[in-house]
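# need a structure here:
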Amino acid sequence: MPGLYLHIPFCKQACHYCNFHFSTSLGQQAAMTAALLRELTVRQHELAGATLTSIYFGGGTPSLLPDADLAQLFEHIYDVFEVASDAEITLEANPDDLTPPKLRALRDTPVNRLSIGVQSFAEADLQFMNRAHNADEAHQCIENALRVGFDNLSIDLIYGVPTSSDVQWHRNLQTLVDYGIPHLSCYALTVEPRTALAHFIKTGKAPNVDEEQTARQFEYLLQCLRANGYEQYEISNFARPGWQAQHNSSYWSGEAYLGIGPSAHSFDGRFTRRWNVANNAVYVRHWQNITNYDELQSFENELFEQEILSVEQRYNEYVMTALRTNKGIRKAQLHALGSAFETHFQARMAPFLVQGWLLVQDEAVVLSDAGKLLADFIASELFITNE
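This next block holds a predicted model:
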């Protein structure tokens with residue numbers, strides 16, 4: 001069943017490693033909310049009346065939304081879409097925003113899941129990443145959220161940070177285990193082009209990422225969370241039984257979703273991807289003048305880019321996403337794509353079976369723990385290319 005994603009493109013400050021679309025200028029917040037409401041109305045038909053099983057507020061920093069704006073967005077979503085009674089409704093939040101009054105206000109909305117960007121409980125790490133919160137706020141937001149009744153929490157952590165020792169990484173994980181957090185998203189620090197971190201490393205102002213440290217901390221991550229009852233259901237995502245993220249799982253399984261807001265992506269579940277312009281001013285200006293779908297056609301080129309996937313691209317996407325999950329690449333799915341894809345995959349995977357990086361389990365091919373360290377490389381070797 002389809003999901004709805006809303007991109008809230010505002011942040012208090014820029015994290016040094018982040019390459020997502022956002023603005024630190026908050027002057028357009030009210031106009032942005034009005035534009036989001038308009039886009040929700042005009043594009044609702046793209047889900048063809050299907051019932052939403054998940055709603056996800058991402059960003060940016062959705063927890064910066066004023067309470068009244070969030071209430072207005074939810075009221076409108078429930079007006080124009082059918083939402084399942086048990087839908088998973090997630091809001092991404094930064095620790096410094098989750099004050100007791102903010103959390104109590106969120107309890108009065110349909111939000112039933114918080115994804116909190118803690119990243120680390122160490123002051124040195126947070127300063128290196130230029131996070132807006134401090135270590136005390138990282139603890140307080142979790143304690144406050146649990147106190148007001150948010151038990152469905154997902155916490156983000158980053159490993160491989162130059163300032164973070166193995167001992168500190170162990171402490172970060174143990175802290176969340178002790179809090180009883182049911183879902184963790186743990187990412188390796190990645191140096192993305194055109195970020196402050198990339199510039200600092202290039203100019204010698206910051207050390208580069210140590211691949212051995214990253215691998216070592218990833219291996220401990222697997223060991224620690226398995227020992228504490230978490231399932232690694234996707235390379236970066238770990239959940240206790242029954243707490244897997246429904247919205248993100250739909251991405252990895254190729255289901256349809258509608259993306260609303262600047263830079264948001266949509267997928268029809270078959271062959272069409274489209275993504276919104278990554279420019280707040282352009283987005284707001286155009287949506288001020290669009291009231292129906294016919295008018296939207298006049299601004300298609302300014303507001304969207306679109307890609308029609310070939311069968312080969314669908315194969316590559318399936319390989320890339322399925323390989324990251326514990327379900328793996330299913331033989332039946334390859335067969336459905338066509339015998340040529342089965343033949344190609346069988347030939348390309350053979351060396352990785354010998355290396356022990358791929359394993360065959362229950363009619364599926366999955367990554368071993370050693371293979372997970374090389375997931376992107378292995379996926380690229382399994383792709384069909386035009387070369």
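# pretty sure residue 236 is touching residue 183, no?
No: under the criterion of C-beta atoms under 8 Å, residue 236 is not in contact with residue 183, lying 11.4 Å apart. (C-beta placed from N, C-alpha, C; glycine too.)
# more neighbours, these two?
residue 183 (21 against 17; other C-beta atoms under 10 Å).
# where does the more buried one land on pLDDT?
pLDDT recorded at residue 183 is 98.
# wait, what's in contact with it?
152-155, 237-240, 243-245 (C-beta atoms under 8 Å, 6 or more residues apart in numbering).
# out of those, who's the most crowded?
residue 238 (28 neighbours).
# assign a three-state SS to that one, would you?
Three-state assignment for residue 238 (DSSP: H, G, I helix; E, B strand; the rest coil): strand.
# separation between residue 243 and residue 152?
Distance of residue 243 to residue 152, given as C-beta to C-beta, to the nearest Å: 7 Å.
# which residues do those two both contact?
In contact with both residue 243 and residue 152: 182-183, using C-beta under 8 Å, 6+ apart.
# need the longest strand for this structure.
Counting by DSSP state E, the longest strand found in the chain is strand 83-93.
# flag every buried residue along that strand.
Across strand 83-93, burial judged by 16 or more other C-beta atoms under 10 Å covers 83, 87-93.
# would CSV of those with pLDDT and distance to residue 337 be doable?
Output for the buried residues of strand 83-93, formatted as CSV (pLDDT from 0 to 100; distance: C-beta to C-beta, whole Å):
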residue, pLDDT, distance to residue 337
83, 97, 32
87, 97, 30
88, 98, 29
89, 98, 33
90, 98, 31
91, 98, 36
92, 98, 34
93, 97, 39
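# so which of those residues is the closest to residue 363?
residue 88 (28.3 Å; C-beta to C-beta).
# can you give me the strands for the stretch 1-150 of the chain?
Assigned by DSSP state E, counting those that start in this stretch, the stretch 1-150 of the chain shows strands spanning 3-8, 52-59, 83-93, 113-119.
# circling back: each with direction, which strands does the longest strand of the chain pair with?
Partners of strand 83-93 in the sheet, by DSSP bridges, are strand 52-59 (parallel), strand 113-119 (parallel).
# can you check what angle separates the first one from strand 3-8?
Relative orientation of strand 52-59 versus strand 3-8 (axes from the mean of the first three to the mean of the last three C-alpha atoms, to 10 degrees): 20 degrees.
# equivalent analysis for the shortest one, please.
Calculated by the same axes, to 10 degrees, strand 113-119 forms an angle of 50 degrees with strand 3-8.
# which residues sit in contact with the closest residue to residue 148 other than its chain neighbours?
Take residue 148 and drop its neighbours on the chain: the residue closest to it by C-beta to C-beta, 6 or more residues apart in numbering is residue 103, 4.7 Å away. Residue 103 makes contact with 144-145, 148, 150 under the criterion C-beta under 8 Å, 6+ apart.
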